[in-house]
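Novice: My questions are about this predicted structure, shown below with the sequence.
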Amino acid sequence: MEKTAYRSVFISDTHLGTRGCRAEFLADFLKSLTCENLFLVGDIIDGWRLKRSWFWDRHHDKVLRRVLKMARNGTNVVYVPGNHDEMLRKYLALGIEVCGVKIQMEAEHTTADGKRLLITHGDMFDSVVRHARVLALLGDWAYTLALGLNRYFNMVRIRLGYPYWSLSAWLKLQVKEAVKAIDRFETALADDAKARGFDGVVCGHIHHAEMRMVNGVLYLNDGDWVESCTALVEHDDGNLELIDWVARNQLSMLAKPAAKINPAQSAVVQAVAAEMAAVQREIDPISIASAGA
């Protein structure tokens, strides 16, 4: 299959490690392309699930393998952690790479036509995540429940001859306060980017793909790979496009996850874990020295 060449690709909120992650679609998307830059804009691995309901299958493995292969083959891969993979933020101050992937709190990117973009997950502009972690965890539980209800709801719809329809996405947009929160989020990010001299901002976090001007700044949300399976891409001329992978390929969102595998039996997971452990051993003496200074 001929691959589509992009200058840059932006994805976020894949939530690898959860049943909700549409890893089979994401693996196919990544396999279908080549790019100079791959920006992972947070919540790529769901650390909130590590101690509870961690889920991993062969498609999750494929995604991880593909990202690492892209890094080995010369793609500039930048990982901007979000609130669900915040455990990676402790590595930020050292400016390290893990398996060829750069880890940064924020990133900057200039498009081929000269637009300066700020790249950030966006959770720092979410007051619930910042100031009420218990509420954030409760919201995450409610969202997971809604996704489960969504699956059963759509099984009934399909049996009745109706197409797939996202109940969870509809509920989110019908709650007036949720709509207001999305608007506040977009405005806060755009205003921050504008104050810092950027032409636009790329983010994720709210699972709502969008491309529009907000207060004179280009607001770009690349969406997620749980409900919508969307990505933001930059073409060679600097033109930016939101891709809806499910709609483009007429895929069914009702496909069942593959059989669960033990991450301890995944060679790629263990390879990444080993490198992370090696990095941690290097960090510890530095942390001790800094504390004693």
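Specialist: Arrived safely, thanks for sending.
Novice: Look up phi and psi at R19.
Specialist: Per-residue torsions, R19: phi -70, psi -30 (degrees, to the nearest 10).
Novice: Tell me the pLDDT of it.
Specialist: We have a pLDDT of 86 for R19.
Novice: From K62, how far out is it?
Specialist: Going from R19 to K62 by Cβ to Cβ, to the nearest Å gives 16 Å. The C-beta positions use only the backbone N, C-alpha and C, and glycine is treated the same way.
Novice: ok, now T4?
Specialist: Taken as Cβ to Cβ, the span from T4 to K62 is 18 Å.
Novice: More neighbours: those two, which one.
Specialist: Ranked by neighbour count (other Cβ atoms under 10 Å), T4 and K62 place K62 first, with 18 against 14.
Novice: what number of residues lie near the closest residue to that one other than its chain neighbours?
Specialist: Counting by Cβ to Cβ, 6 or more residues apart in numbering, K62 lies nearest to A27, which is 3.9 Å off, once chain neighbours are set aside. Neighbour count for A27, taken as other Cβ under 10 Å: 20.
Novice: can you map out the strands along this protein?
Specialist: In the chain, the segments counted as strands under DSSP state E are 4-11, 33-40, 76-79, 97-98, 101-103, 107-110, 116-119, 200-203, 210-214, 217-221, 230-234, 240-244.
Novice: Over to the residue nearest to A258 when sequence neighbours are not counted: give its phi and psi.
Specialist: Using Cβ to Cβ, 6+ apart and skipping residues adjacent in sequence, the residue nearest A258 is D57, 4.1 Å away. Per-residue torsions, D57: phi -130, psi -180 (degrees, to the nearest 10).
Novice: and the gap between V246 and D222?
Specialist: Taking Cβ to Cβ as the measure, V246 and D222 are separated by 15 Å.
Novice: The two: which has the busier surroundings?
Specialist: Neighbour comparison, V246 and D222: the larger count goes to D222, with 27 against 18 (by other Cβ under 10 Å).
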